[in-house]
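Engineer: what follows is a protein structure lacking sequence information:
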């Protein structure tokens, strides 16, 4: 029981420290919110991707935009690129795992659309390739990164870098930021 309490207290302390550090990202969050608003106001769509837990976060974010976050409103177009198992496995089989998101950006991404990537390490080759493809197709980009940003840092129009050593705490911070962006979007965008 004492060991469990120690783990819980440590996790809460680290999470608090990580979340508190997000206030340093105020300017980047504002830029990300502006880009999302501009994209959706123009009738364009968001493409969202990540691996593992970040894929789940990408799906969650897309769901909040298509359905709703806290208020009834019109649906906003957001597609999670990690959601279609058949498409992912076909692209992985035929072109390699590094191409699973880039292939979809090539298929679905149009100028003015936006790609939002999540990677807690910044080292995901398939996320890097998706960012490269998005740039080639004139999509705006936001990267949710962790640790030092890895090889992906600086590739996106906006980097939301959560520094830290714990993948769990970085992922929790990414989820928090995604919710903040949903909250901002719902406050700014038309409900009808």
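Structural biologist: The structure has been received and is ready for your questions. All values derive from a computational prediction rather than experimental measurement.

Engineer: where along the protein do the helices fall?
Structural biologist: Taking DSSP state H as the test, the helices found in the chain are 2-21, 26-41, 53-66, 85-95, 100-108, 125-136, 167-188.

Engineer: what mean pLDDT does the fifth one have?
Structural biologist: What that stands for is helix 100-108. Confidence over helix 100-108 (mean pLDDT, whole number) is 98.

Engineer: ditto for the second one
Structural biologist: Per-residue pLDDT over helix 26-41 has a mean of 98.

Engineer: cool, the fourth one as well?
Structural biologist: Computed over helix 85-95, the mean pLDDT rounds to 97.

Engineer: can you name every helix or strand that the helix or strand of the chain with the lowest mean pLDDT contacts?
Structural biologist: The helix or strand of the chain with the poorest confidence is helix 2-21; it has a mean of 92 (mean pLDDT, DSSP states H and E). The criterion is 3 or more Cβ pairs under 8 Å, 6 or more residues apart in numbering; DSSP states H and E, and the helices and strands that helix 2-21 contacts are helix 167-188. Just so you know, the C-beta spots here come from the backbone N, C-alpha and C atoms, and that holds for glycine as well.

Engineer: now the helix it packs on: how far from the chain's centre is it?
Structural biologist: 9 Å (Cα atoms, centre = their mean, to the nearest Å).
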